[in-house]
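# My questions concern the predicted model and sequence given below.
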Amino acid sequence: MFETMSAITTFASANIHTTFHPPCRLEDSPPSNSTAAPLKLNIRRHLSELVGFGDKSSGLNPSGSLRAAFSHCVQQVRNYDYHHYLCLLELPHNMRKAAFAVRALNVETARAMDVASDPRIGLMRLVWWQEAIDKIYANKSIEHPTAQALLSVVHENKISKGWLKRSVEARINDARKEIGDAPEKIEDLEKYAEDTMSTNLYMTLQAGGITSTAADHVASHIGKASGLLLLIKSLPYHANRNRHFSYIPTEVAAKHGLLVKHGDQAEIHLDSREGLSEAVFEMASVANDHLQKARELASTVPAEARPVLLPAVPAQVLLDSLRRVNFDVFDPRLARGIQGMPPLLYQLKLKWHSWRGKY
């Protein structure tokens, strides 16, 4: 035990300071006018180096606009999907470009409805992305940095159009739901999680030239677990925004006394805080089953695929955080740090798994 802890400490002191970045927005502390331009240039150079543009051995000599496009993707993922941003830093350079571009698209589509002043505008934005994917595969340039990055990696890595379309179409179908609509069964949420989360892993594996049925199978389980847990974590946000719990399946809500019927209409309410925790526990248990199945298949997964599967780590961290608060999604401790864990401890855990080739 002592030797293990010594190894962790040594590993942390040698590595943790090299990649840790605080999850804050870069514009929070604007530089003075005299240094603004050089600082912005340095930040862009740093972000583009994360996807391999600073590696002379890679042979990459991108234009300034393409550098800026990938810098934008890295910054978007860092700002709005920080726990996955840290996972992507553990990828080999030959996978990072595609991984950041794909994750940046996920950020764009996931936030489309939240940042729009009118739901119709958010839906229009999602449809715009659906059409943008068709243009990308027709090799047509689009004046959007994420689209420009995707155009580059799609043709460089031969990423399947079906995965990109599937992820955007799932967001569109979700956006078209009426207020009060809820999935009927937890299997509906699993399908949504696979379409929006597992597809990111499929495309990253594809970009790395990894063709493994076992890796795809594990990616499916990890994506479903990640998606379910993030939907659980978002329940308070959606409750405050829409006054209803749209991501609790009606079947689960009815079982735990959360479903209230008004004639032909049914709504999910917080009549019982205990009932909500029980419903969350049931949903989290399904996510836990997916993580367990993913780990049971670990011996069949090729070594080069394992860094892609590191998102299992933040999923497990969030699941453990939910356990600590007795599955009370309103407990403020869930919003602290990264997935409810202190940032440095989270990164140490991620680094330890990466170093050992585990997920």
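Perfect, I can see it now.

# List the buried residues in the helix or strand harbouring residue 79.
Assigned by DSSP states H and E, residue 79 belongs to helix 64-80. Buried residues in helix 64-80, counted by 16 or more other CB atoms under 10 Å: 66-78, 80. All C-beta atoms are positioned from the backbone trio N, CA, C, and that covers glycine.

# just those now: which is nearest residue 295?
Residue 295 lies nearest to residue 77 out of the buried residues of helix 64-80, by CB to CB, at 25.4 Å.

# what mean pLDDT would you report for the helix or strand residue 132 falls within?
For residue 132, the host element (DSSP H and E) is helix 119-137. Mean pLDDT, computed over helix 119-137, is 96.

# If you count contacts, what does it end up packed against?
On a contact count with 3 or more CB pairs under 8 Å, 6 or more residues apart in numbering; DSSP states H and E, helix 119-137 meets helix 93-115, helix 145-157, helix 161-175.

# could I get those helices as a markdown table with mean neighbour count, mean pLDDT and distance to residue 196?
Below are these laid out as a markdown table (neighbours: other CB atoms under 10 Å; pLDDT from 0 to 100; distance: least, CB to CB, whole Å):
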| stretch | mean neighbour count | mean pLDDT | distance to residue 196 |
| --- | --- | --- | --- |
| helix 93-115 | 22 | 95 | 7 |
| helix 145-157 | 21 | 95 | 16 |
| helix 161-175 | 18 | 96 | 5 |
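
# Out of the ones you listed, flag the one nearest residue 311.
Checking those against residue 311 by CB to CB gives helix 93-115 as the closest, at 10.1 Å.

# Restricting to C-alpha, output that closest one in PDB.
Output of helix 93-115 as PDB, limited to C-alpha atoms (Å, rounded to 0.1, in the frame of the first residue of the first chain):
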ATOM      1  CA  HIS A  93      -1.700  13.500 -31.100                       C
ATOM      2  CA  ASN A  94      -3.000  11.700 -34.100                       C
ATOM      3  CA  MET A  95      -6.400  11.400 -32.500                       C
ATOM      4  CA  ARG A  96      -6.700  14.800 -30.800                       C
ATOM      5  CA  LYS A  97      -7.700  16.900 -33.900                       C
ATOM      6  CA  ALA A  98     -10.700  14.800 -34.700                       C
ATOM      7  CA  ALA A  99     -11.600  14.300 -31.000                       C
ATOM      8  CA  PHE A 100     -11.600  18.100 -30.300                       C
ATOM      9  CA  ALA A 101     -13.500  18.800 -33.500                       C
ATOM     10  CA  VAL A 102     -16.200  16.200 -32.700                       C
ATOM     11  CA  ARG A 103     -16.500  17.300 -29.100                       C
ATOM     12  CA  ALA A 104     -16.800  20.900 -30.200                       C
ATOM     13  CA  LEU A 105     -19.700  20.000 -32.400                       C
ATOM     14  CA  ASN A 106     -21.300  18.200 -29.400                       C
ATOM     15  CA  VAL A 107     -20.800  21.400 -27.300                       C
ATOM     16  CA  GLU A 108     -22.500  23.500 -30.100                       C
ATOM     17  CA  THR A 109     -25.500  21.200 -30.400                       C
ATOM     18  CA  ALA A 110     -25.900  20.600 -26.700                       C
ATOM     19  CA  ARG A 111     -26.000  24.400 -25.900                       C
ATOM     20  CA  ALA A 112     -28.100  25.400 -28.900                       C
ATOM     21  CA  MET A 113     -31.400  25.400 -27.000                       C
ATOM     22  CA  ASP A 114     -29.900  26.800 -23.800                       C
ATOM     23  CA  VAL A 115     -28.400  29.900 -25.300                       C
END
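
# now the angle from it to helix 119-137?
150 degrees (axes from the mean of the first three to the mean of the last three CA atoms, to 10 degrees).

# what is the orientation angle of helix 93-115 with helix 64-80?
In terms of direction (the same axes, to 10 degrees), helix 93-115 departs from helix 64-80 by 60 degrees.

# No further questions, thank you.
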